[in-house]
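In: Sequence plus predicted model, see below.
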Amino acid sequence: MPSISVIIPLYNRESTIQQTIESVLNQTWTDFELIVVDDGSQDKSLDIVSSIHDPRLKVFSYWNAGAPAARNRGFRHSQGEYIAFLDSDDLWTPDKLEQQFQALKDHPEADVAYSWTRFIDDSGAIITSGQKCRLQAQQDVYRGLLELGNFLESG
């Protein structure tokens with residue numbers, strides 16, 4: 001059983017999905033499964049994903065029902081102890097999973113680990129950094145979401 005299940009909902013992202021998947025496969029933490037849920041793509045997205053050969057990659061195809069449904073479908077297929085969601089047009093830094101896994105192990109009372117967002121252009125240049133909300137490790141993230149709004153800008 002993998003320690004982390006990474007779930008990517010996919011719909012018509014032929015221009016970004018290759019890089020998104022590579023950002024997961026190139027993680028310093030390697031004990032994960034990567035679940036891509038094709039949500040009825042009409043472009044070459046599924047062909048691109050199908051051309052990637054890695055034993056950690058699992059691909060499931062369904063009719064279009066939207067990103068939340070695709071995430072839930074991926075969750076039902078997951079076997080990891082932890083779940084990480086990634087949108088099909090986003091990228092991760094190489095140590096993202098390792099850092100968050102370690103944070104959760106260092107704080108067994110925590111239920112969630114999150115990181116900040118940087119907005120980049122097509123060439124990968126940083127346009128702007130996202131908002132940063134500094135909740136302490138011992139604070140209730142659920143309560144923070146209710147009081148502060150969705151400070152987690154990305155899955």
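Out: Yes, it's here. Residues are numbered from 1 along each chain as shown.

In: Give the rounded mean pLDDT of the helix or strand where Val49 lies.
Out: When secondary structure is defined using DSSP states H and E, the element that contains Val49 is helix 45-50. The average pLDDT for helix 45-50 rounds to 97.

In: now for that helix, which elements pack on it?
Out: Taking 3 or more C-beta pairs under 8 Å, 6 or more residues apart in numbering; DSSP states H and E as contact, the helices and strands that helix 45-50 lies on are strand 4-10, helix 17-25, strand 32-39, strand 57-62. Glycine gets a C-beta too; all of them are placed from N, C-alpha and C.

In: quick one: which of the ones you listed is nearest Ala110?
Out: strand 4-10 (14.9 Å; C-beta to C-beta).

In: Just the CA atoms of that closest one, as CSV, please.
Out: Presented in CSV, the C-alpha positions along strand 4-10 are these (Å, rounded to 0.1, in the frame of the first residue of the first chain):
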residue,chain,number,x,y,z
ILE,A,4,0.2,8.7,-0.5
SER,A,5,-2.4,8.7,-3.3
VAL,A,6,-2.1,11.6,-5.7
ILE,A,7,-5.3,12.3,-7.5
ILE,A,8,-5.5,14.4,-10.7
PRO,A,9,-8.9,15.1,-12.3
LEU,A,10,-8.4,15.6,-16.0
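
In: Tyr114: neighbour count?
Out: A count of neighbours around Tyr114, defined by other C-beta atoms under 10 Å, yields 15.

In: got it, and Phe85?
Out: Neighbours of Phe85 using other C-beta under 10 Å come to 16.

In: likewise Asp43?
Out: The burial count assigned to Asp43 is 13, neighbours taken as other C-beta under 10 Å.

In: what does Leu46 give?
Out: Summarising burial for Leu46: neighbours were counted as other C-beta under 10 Å, giving 19.

In: give the contact list for it.
Out: If a contact means C-beta atoms under 8 Å, 6 or more residues apart in numbering, then Leu46 has 10, 38, 59, 61 as its contacts.

In: how near is the most centrally placed residue in the chain to Asp106?
Out: The residue at the geometric middle of the chain, judged as the C-alpha nearest the mean C-alpha position with C-alpha atoms, centre = their mean, is Leu86 (2.0 Å). With the distance defined as C-beta to C-beta, to the nearest Å, Leu86 ends up 23 Å from Asp106.
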